[in-house]
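Asker: Got a predicted structure plus its sequence, pasted below:
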Amino acid sequence: MLEVKNLHVEIDGKKILDGLNLTVRDGEVAAIMGPNGSGKSTLSYVIAGRSDYEVTEGEVLLDGENILEIEPEERAAKGIFLAFQYPVEIPGVATMTFLKASLNAQRKARGDADLSTPDFMRLVRAAAASLEVNPDMMKRPLNVGFSGGEKKRMEILQMALLEPRLGLLDETDSGLDIDALRIVANGVNALRAANRGFLVITHYQRLLDYIKPDVVHIMSKGRIIKTGTAELALELEKNGYRDYVADAA
Amino acid sequence: MAAITFMKTPAESKLGEQFDALRALQPALPSTTRRAEAFERFAAKGLPHRRLAAWHYTDLRGLLRDAFAPAASPGAEQLAAASAYLQALPAPQGVRLVLVDGCFQPTMSSLDKLPAGVAVASLLDVLAEGSSFATDLLAAENLGSGEAMLALNAAFMQGGVVLTLAEGVRVAEPIDLFSFATARSPVALTTRSLVEVGAGASVMINERHVSLGNLASQGNHALVFALDEGAAVDHVARLDGFPATALHVGTVLARLGAQTRFNSFTLMDTPGVTRRQSFLEFAGPHSNATFRGVTLLDAKSHGDTTLVVTHTAPHCESREYYKTILDGESTGVYQGKVVVAPGAQKTDGKMLSKAIFLADGASMYNKPELEIFADDVVCGHGATVGNLDEDQLFYLRARGIPLKEAQSLLLNAFAADAIEGVATDAIRDELTGSVEQWLRKRQS
């Protein structure tokens, strides 16, 4: 479903991605691991459509269509979902208002009618219950005053509501304690489906104990330098990135 | 008294001729003399212009090329248009007072609903009686430090209401004060109303200026508040239907006795040139005044908020909190001046103006000023201008919310916290609705 071909990306003239190639298949959970500064978060932002990165070469294809030319909201409507490493606080916008605006905007872009309020509430309540999110949080401004764990759970809740084609999880494990990690991972696992793919970006193997990847990629200096099975992540955890990074250099 | 002859601009000369014509029709009343004095004060200064600090960003001498004729008394058609507008609104909970083309309309006003202890009189009747009230009304511009537009207002005032609340009267429902511009040719409207609130009394005044028929108008409106000890006033001002050719100068004058509370909110969301200016004096201790506002500007509209708060008495608190959104080639102005007189110790004064730009062609002028002549005070001011937060916008767009809708969500939130201070739920909801409507218009 997702094909990244020879992607070159710069920010302020500095090269971050250097001819990256990557494929995520339907139903697949692909993990990307790599040291700090290897370009993992940049990859997720570029796929989601953040404008401060300059793509100098290459393509990102979603179901065969190059999405680099379309706006972030259009990418979202086509099924790209980025779970942010640092979910943004939006004072004054109630979480519920945001969720409804988001869901209905995507439905509208796909030619579907707005959800009725009762149907919407039912969906939200079910998603909140499965992620152990307190319904009172929905009345609060989005992410404002939420703990790290609450913010990450809210990201997964949004993913559950929006039912994307591709879920990009950018260091979703950072800042989570074990209990929150388990809840978040269960939330992701519940969304695994034959017509959905995941790209899970993480520093640590720990998350992959909970979300079992089908494939593990190692990224360094803006490229994928090795691809393997879940075993590769365990190996990394034991020996560190040094062997692979040195190989690439 | 000789006619004034040393006018400078065509508009100023025309105002002179109009005033002479007006005076010729007036009976010999004490107020006639006071009007002439007021006009002389205006004539000595002329229209405010950019070389005056208080009008630097709203140059009326340049903006007011022609002085429109004072509006004639409304005919049946005008009154019907105003009635139709009112009937389309939700039925008022409280008293509704109506001015059409500057003239008070007792029959359109719900005077039968006046609670006990509340009296309403027509400004012109009060002036005709020659009571001390009349003098107060005419002299009120002293609070505005000799403002030329207030002097002009005192010279030309066509109508208005004098609302009196007896001691201890608490009016639960808002009192609507409507002023309609309905004329079929460009006109000048000049109104002046007074709200006198007795000791311990309280009221909400819902000031609404409505333009029907999309015509150019020049409005010069003054609303004077006098609060006795322990009184409380909530005030909301807004405009509806004014076209890009409209000029509106609205002045609030407030004198606060001891232990009073004054809470004012202004929504500026119409095209044209709008200046809302407030002059407030703390005459007694332990009082509190809050001014908040939301200003929404697009195209070439011009919105000016000017406030002068004078702490004469000690132990008073003043707050100013304004949010401005600028699109197109619009211009926003916020001038806040807090004056702390010698002896006004323990004054607590704060001003904050925040503006967001949606277009490169817009301009915002923030000018907070503090003049402090006492040594034990806490005063502060802040002003920010900027764009919407890129991280917030990207987050919303990454969830599928289109750019303009994402901007609207953030702008709505930006405006909302200034509206929160409005005491009446229904009015707060209407204000929120107006902001949403302005944003929707932008989105489409």
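Answerer: Perfect, thanks for sending it.

Asker: got the contact list for the residue nearest in space to the middle of chain A?
Answerer: By CA atoms, centre = their mean, chain A has its centre lying nearest to residue A:168, at 2.0 Å. By CB atoms under 8 Å, 6 or more residues apart in numbering or on different chains, the contact set of residue A:168 is A:44, A:47, A:48, A:80, A:81, A:82, A:83, A:198, A:199, A:201. Bear in mind the C-beta positions are built from the backbone N, C-alpha and C, glycine included.

Asker: Could you export these as JSON lines, including secondary structure and pLDDT?
Answerer: Shown next, in JSON lines, are these (DSSP: H, G, I helix; E, B strand; the rest coil; pLDDT from 0 to 100):
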{"residue": "A:44", "secondary structure": "helix", "pLDDT": "96"}
{"residue": "A:47", "secondary structure": "helix", "pLDDT": "97"}
{"residue": "A:48", "secondary structure": "helix", "pLDDT": "97"}
{"residue": "A:80", "secondary structure": "strand", "pLDDT": "97"}
{"residue": "A:81", "secondary structure": "strand", "pLDDT": "97"}
{"residue": "A:82", "secondary structure": "strand", "pLDDT": "97"}
{"residue": "A:83", "secondary structure": "strand", "pLDDT": "96"}
{"residue": "A:198", "secondary structure": "strand", "pLDDT": "96"}
{"residue": "A:199", "secondary structure": "strand", "pLDDT": "97"}
{"residue": "A:201", "secondary structure": "strand", "pLDDT": "95"}
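
Asker: want to try CSV for those, with neighbour count and distance to residue B:95 as columns?
Answerer: As requested, the contacts of residue A:168 are arranged in CSV below (neighbours: other CB atoms under 10 Å in any protein chain shown; distance: CB to CB, whole Å):
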residue, neighbour count, distance to residue B:95
A:44, 22, 60
A:47, 22, 61
A:48, 22, 56
A:80, 26, 57
A:81, 27, 54
A:82, 28, 55
A:83, 25, 55
A:198, 25, 63
A:199, 25, 64
A:201, 24, 64
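
Asker: among those residues, which are in reach of chain B?
Answerer: When contact is defined as CB under 8 Å from any CB of the partner chain, these meet chain B at A:48, A:80, A:81, A:82.

Asker: Would you mind listing what in chain A touches chain B?
Answerer: A:48-52, A:71-73, A:75-77, A:80-82, A:84, A:87-88, A:90-93, A:97-98, A:101-103, A:105-106, A:109, A:141, A:158, A:162.

Asker: all helices of chain B, in order?
Answerer: All helices of chain B, identified by DSSP state H, fall at B:10-25, B:30-45, B:60-63, B:76-87, B:123-129, B:132-139, B:148-156, B:390-398, B:403-419, B:425-443.

Asker: any idea which residue of chain A is furthest from its center?
Answerer: Chain A, farthest from centre, CA atoms, centre = their mean: residue A:118 at 28.5 Å.

Asker: so who does that residue touch?
Answerer: Counted by CB under 8 Å, 6+ apart, residue A:118 has zero contacts.

Asker: and it, that's in a helix?
Answerer: Yes. Counting by DSSP: H, G, I helix; E, B strand; the rest coil, residue A:118 is found in a helix.

Asker: For chain B, see how far away it is.
Answerer: With the distance defined as CB to the nearest CB, to the nearest Å, residue A:118 ends up 22 Å from chain B.

Asker: near chain A, which residues of chain B show up?
Answerer: Within reach of chain A by CB under 8 Å from any CB, chain B has these residues: B:390-392, B:394-403, B:405-406, B:409-410, B:412-414, B:416-417.

Asker: again, only using 6 Å
Answerer: B:391-392, B:394-395, B:397-402, B:409, B:413, B:416 (CB under 6 Å from any CB of the partner chain).

Asker: For chain A, just list every one of the strands.
Answerer: Using DSSP state E, the strands of chain A run over residues A:2-11, A:14-24, A:29-33, A:54-62, A:65-66, A:80-83, A:90-94, A:141-142, A:166-170, A:197-202, A:215-220, A:223-228.

Asker: Could you list every helix and strand in contact with the longest one?
Answerer: The one in question is strand A:14-24. Packing partners of strand A:14-24 (3 or more CB pairs under 6 Å, 6 or more residues apart in numbering or on different chains; DSSP states H and E): strand A:2-11, strand A:223-228.

Asker: ok, now the last one?
Answerer: The elements that strand A:223-228 packs onto, with contact taken as 3+ CB pairs under 6 Å, 6+ apart, are strand A:14-24, strand A:215-220, helix A:242-248.

Asker: just the ones next to chain B among the contacts of residue A:168 now: which is nearest residue A:2?
Answerer: residue A:80 (8.7 Å; CB to CB).

Asker: okay, now residue B:9: neighbour count?
Answerer: For residue B:9, the neighbour count with other CB atoms under 10 Å in any protein chain shown is 18.

Asker: check contacts around it.
Answerer: By CB atoms under 6 Å, 6 or more residues apart in numbering or on different chains, residue B:9 lies in contact with residue B:61.

Asker: And it, how close does it get to residue B:201?
Answerer: Using CB to CB, to the nearest Å, residue B:9 is found at 44 Å from residue B:201.

Asker: On the pLDDT front, check residue 64 for me.
Answerer: Just going to use chain A. Residue A:64 carries a pLDDT value of 95.

Asker: hm, I was asking about chain B
Answerer: With respect to pLDDT, residue B:64 has a value of 89.

Asker: Find the residue closest to it in space, skipping its chain neighbours.
Answerer: Of all residues not flanking residue B:64 in the chain, residue B:11 sits nearest, at 5.0 Å (CB to CB, 6 or more residues apart in numbering or on different chains).

Asker: Run a quick neighbour tally on the one you found.
Answerer: A count of nearby residues for residue B:11, using other CB under 10 Å, gives 20.

Asker: same check, this time on the one 5 residues further on
Answerer: Residue B:16 has 19 neighbours, counted by other CB under 10 Å.

Asker: For chain A, give me its nearest residue in the stretch 301-444 of chain B.
Answerer: residue B:413 (2.5 Å; CB to the nearest CB).

Asker: typed the wrong thing, it's the stretch 1-150 of chain B
Answerer: residue B:90 (23.3 Å).

Asker: beta partners of residue B:238?
Answerer: Beta-bridge pairing of residue B:238 under DSSP bridges involves residue B:208, residue B:267.

Asker: Quick check, residue B:299 in contact with residue B:331.
Answerer: No. Using CB atoms under 6 Å, residue B:299 is not in contact with residue B:331; the gap is 10.8 Å.

Asker: Those two: who's more crowded?
Answerer: For residue B:299 versus residue B:331, the count of surrounding residues by other CB under 10 Å is larger for residue B:331: 20 against 13.

Asker: My read is that that one contacts residue B:302, right?
Answerer: Yes. With contact defined as CB under 6 Å, residue B:331 and residue B:302 form a contacting pair (4.7 Å).

Asker: quick revisit: now distance to residue B:187 too, for the strands of chain A, in TSV please.
Answerer: TSV is the format used below for the strands of chain A (distance: least, CB to CB, whole Å):
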stretch	distance to residue B:187
strand A:2-11	59
strand A:14-24	63
strand A:29-33	70
strand A:54-62	57
strand A:65-66	60
strand A:80-83	57
strand A:90-94	41
strand A:141-142	46
strand A:166-170	62
strand A:197-202	66
strand A:215-220	72
strand A:223-228	73
